[in-house]
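Visitor: dropping the sequence and predicted coords here.
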Amino acid sequence: MRNLGGESMKEYDVIVIGAGTGLGIAFKAQASKLKVALIDKGSVGGTCVNVGCVPSKILIYHADRITDIEEAKKLGIDAKVKRINFRAIMDRMKATIDESRTWMENEIANSKGLDFYNEEARFVDAYTLKVGKETMKGRKIFIAAGRPCPHTACQRSK
Ligand SMILES: Cc1cc2nc3c(=O)[nH]c(=O)nc-3n(C[C@H](O)[C@H](O)[C@H](O)COP(=O)(O)OP(=O)(O)OC[C@H]3O[C@@H](n4cnc5c(N)ncnc54)[C@H](O)[C@@H]3O)c2cc1C
């Protein structure tokens, strides 16, 4: 930690902005015994885990099963969808997301030499970021910040 006229500056070997795909970079750097900061202003796991690949595939899986039943007649099978418990489907989806995110959060918490900041990062100088109230410098900074999700549903669930 460096002191700049009363204001302290943290120093890292590697800083990663974004805990989606950025998580892999952070873990790899931490495994190489580097001092690492991982920053995410939203939920650990990023788009894929929280609002993208994982939830969409769970919903698509259920929709496919319904379609299988509806189209079974073509195969000579007489079957009917009687009722769809959409609440149960959504609960299952949310439980899967929570489980994945919690696992990642625990891995981060148990990773020595890896500091996690649940804040927004912004550049204030070369190799220097303002993260909440902290100022930090990184020898290498990886930007894995994705892109903003245009759907209001994404904003709500983060
Ligand atoms: C509905 C849907 C379904 C999808 N399905 C698939 C699929 O089946 N297969 C597939 O390959 N891809 C799929 N994708 C795409 C996939 O989710 C994205 O390509 C992937 O998540 C991008 O990863 P990323 O790490 O680049 O960004 P993200 O996962 O978006 O992570 C970026 C992170 O950076 C954080 N961040 C941004 N700016 C800052 C800042 N200034 N300070 C701090 N933190 C910041 C954000 O909070 C976010 O958590 C899907 C996407 C959607 C929306």
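Guide: Here it is on my side, so go on. Numbering: from 1, shown residues only.

Visitor: what residue lies at the spatial centre of the chain?
Guide: Centrality entry for the chain: nearest residue to the mean C-alpha point is G45, 1.6 Å, by CA atoms, centre = their mean.

Visitor: name the element the residue nearest to that one when sequence neighbours are not counted belongs to?
Guide: Spatially, and ignoring its direct neighbours in sequence, G45 is nearest to R101 (4.9 Å; CB to CB, 6 or more residues apart in numbering). No exception for glycine: its C-beta is placed from N, CA and C like everyone else's. Using DSSP states H and E, R101 sits in helix 86-109.

Visitor: report the rounded mean pLDDT for stretch 77-89.
Guide: On average, the pLDDT along stretch 77-89 is 97.

Visitor: next: stretch 16-29.
Guide: Here stretch 16-29 scores 98 as its mean pLDDT.

Visitor: would you confirm that the residue nearest to G45 contacts G42?
Guide: No: using CB atoms under 8 Å, R101 is not in contact with G42, being 10.9 Å away.

Visitor: V54 and the ligand, how far apart?
Guide: 8 Å (CB to the nearest ligand atom, to the nearest Å).

Visitor: so how many other residues sit close to that residue?
Guide: 18 (other CB atoms under 10 Å).

Visitor: and it, that's in a helix?
Guide: Yes: counting by DSSP: H, G, I helix; E, B strand; the rest coil, V54 is part of a helix.

Visitor: which residues touch it?
Guide: Applying CB atoms under 8 Å, 6 or more residues apart in numbering to V54 gives the contacts 48, 96-97, 100.

Visitor: could you pick out the buried ones from those?
Guide: For those, a burial check counting by 16 or more other CB atoms under 10 Å picks out 97, 100.

Visitor: of all the contacts of V54, which comes closest to the ligand?
Guide: The closest of the contacts of V54 to the ligand turns out to be C48 (CB to the nearest ligand atom; 3.7 Å).
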